[in-house]
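Asks: Following is a predicted model, sequence given first.
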Amino acid sequence: MNPGKQSPEPAIHLVIVDSDPLRLIGFRALLESEPDFELTYASFSDLDHHNHIDIILLGNQRGQNLFDDAVKLKALHPGAQIIAIGCGMHDETILAALACGAKGYVDEAASAGEFISAVRAVSRGSVWFSRKLLSIFVESASGVVGSPFSGGSPAFTPREKEVLEMLVDGRPNREIAEPLGIEVRTVKAHVAKLMRKVGVRNRIALSTYAISHSLLSSGQV
């Protein structure tokens, strides 16, 4: 081997999971400057046909929750890292996706340089999200003051479970109140009580804690 010649970078296998296969064209144009990126498209139904995936680019175009999709993808491909992609999403929803296994979040309007940096950071085992989200994540971590319960999950009323489920979905108070037929102030009261029960100081900490501690398991909601 010629000592003066560098070995090529090992390929990073990326799969786009999205409802629109035409987005593959856009991503290829966006990432074409990186010769070691191998980019393909897949739907959820044919992901099991892919033997090796390094990174999954998870689009949020199907009207489903990012954290639900992240859990499914981690079950299908536990060795793959997930980067969530979206637009105008609630911070709570993004943090929920991160809490459920995603290693990064990039806004779909981001530059090619940011997408490339995100892929390379996540492929090296790091995480990637904006400074704003980082500050929120730190705030949510510092918002956990210690749960008042021990040896099990806190006791929630059926209505509290409904509110918590929609809160983790990233819905604001008004979008929680309307389908439940209650006032916004009632939602705020439920959220305040949930935070006291769990032992956190803010909504984002409550969402992150609920997911990381499996408070929304099938047996509860």
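Replies: Yep, it's here. Numbers count the residues shown, from 1 in each chain.

Asks: per-residue confidence for L216?
Replies: Per-residue pLDDT puts L216 at 67.

Asks: Pretty sure Y41 sits against D20.
Replies: No: contact criterion Cβ atoms under 8 Å: Y41 and D20 do not qualify, at 9.2 Å. (C-beta placed from N, C-alpha, C; glycine too.)

Asks: now what about the longest helix seen in the chain, what contacts it?
Replies: Determined from DSSP state H, the single longest helix within the chain is helix 184-198. With Cβ atoms under 8 Å, 6 or more residues apart in numbering as the test, helix 184-198 has contacts from 147-149, 154-156, 159-160, 163-164, 167, 173-174, 176-177, 180, 201-203, 205-206, 209-210, 215.

Asks: do the same with stretch 98-112
Replies: Contacts with stretch 98-112, where a contact means Cβ under 8 Å, 6+ apart, come from 30-31, 33, 58-59, 66-67, 70-71, 73-74, 81-87, 94, 97, 114-115, 118, 121-122, 126-130, 133, 137, 207-208, 211-212.

Asks: Among those residues, which ones are in strands?
Replies: If you go by DSSP state E, those have L58, G59, Q81, I82, I83, A84, I85, G86 in strands.

Asks: Most neighbours out of those, which is it?
Replies: The most crowded member of these, judged by other Cβ atoms under 10 Å, is A84 (27 neighbours).

Asks: Now do the domain split for the protein, please.
Replies: The record's domain split for the chain, according to automatic domain parsing, is 12-140, 145-212.

Asks: Confidence-wise, which helix or strand of this structure is lowest on average?
Replies: helix 131-142 (a mean of 61; mean pLDDT, DSSP states H and E).

Asks: Next SSE downstream of it?
Replies: Sequence-wise, the next helix or strand downstream of helix 131-142 (DSSP states H and E) is helix 158-168.

Asks: what's next to the helix or strand just after that following helix, contact-wise?
Replies: Per DSSP H and E, the first helix or strand lying C-terminal to helix 158-168 is helix 173-180. Helix 173-180 is contacted by residues R159, E162, V163, M166, L167, E183, V184, T186, V187, K188, V191 when judged by Cβ under 8 Å, 6+ apart.

Asks: Any quick ChimeraX command for the buried ones out of those?
Replies: Buried residues within those, by 16 or more other Cβ atoms under 10 Å, are selected in ChimeraX with:
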select :162,163,166,167,186,187,191
